[in-house]
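[1] Test case, fold it:
(one chain, ligands or ions: 1)
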Amino acid sequence: MADSWLQYGFAWAPWLIFALIVLSAYLLTRSHEKAAAPAVQTYACSQCGRRGRPEQMVQVVHEGAVSWQCTQCAG
Ligand SMILES: [Zn+2]
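    Got it, this is the predicted structure:
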C-alpha cells in the first residue's frame, strides 16, 4: 500500500512541478502586464483635466505653448 502510494507520488511529482512552473510563469507575465499598463503615456486635458491617450486628445497651440485638450473641449 505504502509502495504504491510512493510510486503514484513519484509518477506525478514531475508533472506537478511542471504545472507549478507553468503557473508561476503565467502569473509572472500577468503581473508584468499589469505593471506595464500604466506606462502608456496619457495627457491631461488643459480645460477639464480629463486624461486620455494621445490619439484621443487634440493638440492645441495657444500663444506658442503646446497643450492637450480632449475632443469635447477642443470641439
Ligand atoms: Zn476636456
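[2] Show me what from this structure comes close to the ion.
    Within the chain, the positions adjacent to the ion are 45, 47-48, 50, 70, 73 by Cβ under 5 Å from the ion. (Glycine included, C-beta is placed from N, CA and C.)
[3] what's next to stretch 64-75, contact-wise?
    For stretch 64-75, the surrounding residues in contact (Cβ atoms under 8 Å, 6 or more residues apart in numbering) are 43-48, 50, 52, 54, 56-61.
[4] Who's the closest spatial neighbour of Gln41, skipping the chain neighbours?
    When the adjacent residues along the chain are set aside, Gln41 lies closest to Pro54, with 6.9 Å between them (Cβ to Cβ, 6 or more residues apart in numbering).
[5] Could you give the number of residues near the one you found?
    When neighbours are counted by other Cβ atoms under 10 Å, Pro54 registers 12.
[6] Who are the contact partners of it?
    Pro54 neighbours (Cβ under 8 Å, 6+ apart): 41-43, 68.
[7] hang on, the earlier thing: can you flag the buried ones in the residues of the chain next to the ion?
    Neighbour counting by 16 or more other Cβ atoms under 10 Å classes 45, 50, 70, 73 among the residues of the chain next to the ion as buried.
[8] Tabulate those residues (CSV), appending distance to Ala25 and pLDDT.
    Output for these, formatted as CSV (distance: Cβ to Cβ, whole Å; pLDDT from 0 to 100):
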residue, distance to Ala25, pLDDT
Cys45, 40, 93
Arg50, 38, 90
Cys70, 39, 93
Cys73, 44, 91
